[in-house]
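**Student:** Pasting the sequence and the predicted coordinates here, then a few questions.
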Amino acid sequence: MTDLPHVTVATVVFDKDRFLLVREQDGEHTVYNQPAGHVEPGETILAAALRETLEETGWEVELTGYLGTYQYHAPGNDTHYVRHCFIALPLSQVSDSPPDQDIESAVWLTRQQVMGLQDELRSPMVLRAIDDYLHAEHFPLSLFRP
């Protein structure tokens, strides 16, 4: 294991009263998460957010804002994550089944439904990002310089 944090992206995709989440395997358990993943070498953070969302959900989205940076130390694998969380609007579904083999399905859930799944969330960052989307300040994408 490296002591360096893992730089990841996540996207809060909201349509009407529902959020786009993914069902994925985490070891022996099925968990729910925002579309999220690691930034690849040579990839911008914005491009990573778009790519991960498409790969994990089959949805093309438009990034509209930045929600913030989150940090999480996962006790299960002793990894420190630094997560850049974006806001996006769904544009079009280009695939019924997510291209990412680790994803079981993409699902649209209300906040109340997500609350009912708290024990099945991949991390506390999932619900925190939803609540921050609903109640916290949103930031412009211009924070990210090319």
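**Tutor:** Good, I have the coordinates.

**Student:** low-scoring stretches of this protein, by residue?
**Tutor:** 1-2 (pLDDT under 70).

**Student:** immediately after the biggest helix by length in it, which helix or strand?
**Tutor:** Ranked by residue count under DSSP state H, the longest helix found in the chain is helix 45-57. Downstream of helix 45-57, the first helix or strand assigned by DSSP states H and E is strand 59-74.

**Student:** now the strands for the protein?
**Tutor:** Listed in chain order, the strands found in the chain under DSSP state E are 6-15, 18-26, 29-33, 36-38, 59-74, 79-93, 103-109.

**Student:** Hmm, residue 127 and residue 33 touching each other?
**Tutor:** No: counting by CB atoms under 8 Å, residue 33 stays clear of residue 127, with 10.8 Å between them. C-beta here means a position set from N, CA and C on the backbone, and glycine is covered the same way.

**Student:** between the two, who's got more neighbours?
**Tutor:** Between residue 33 and residue 127, residue 33 has the larger neighbour count (other CB atoms under 10 Å), namely 21 against 16.
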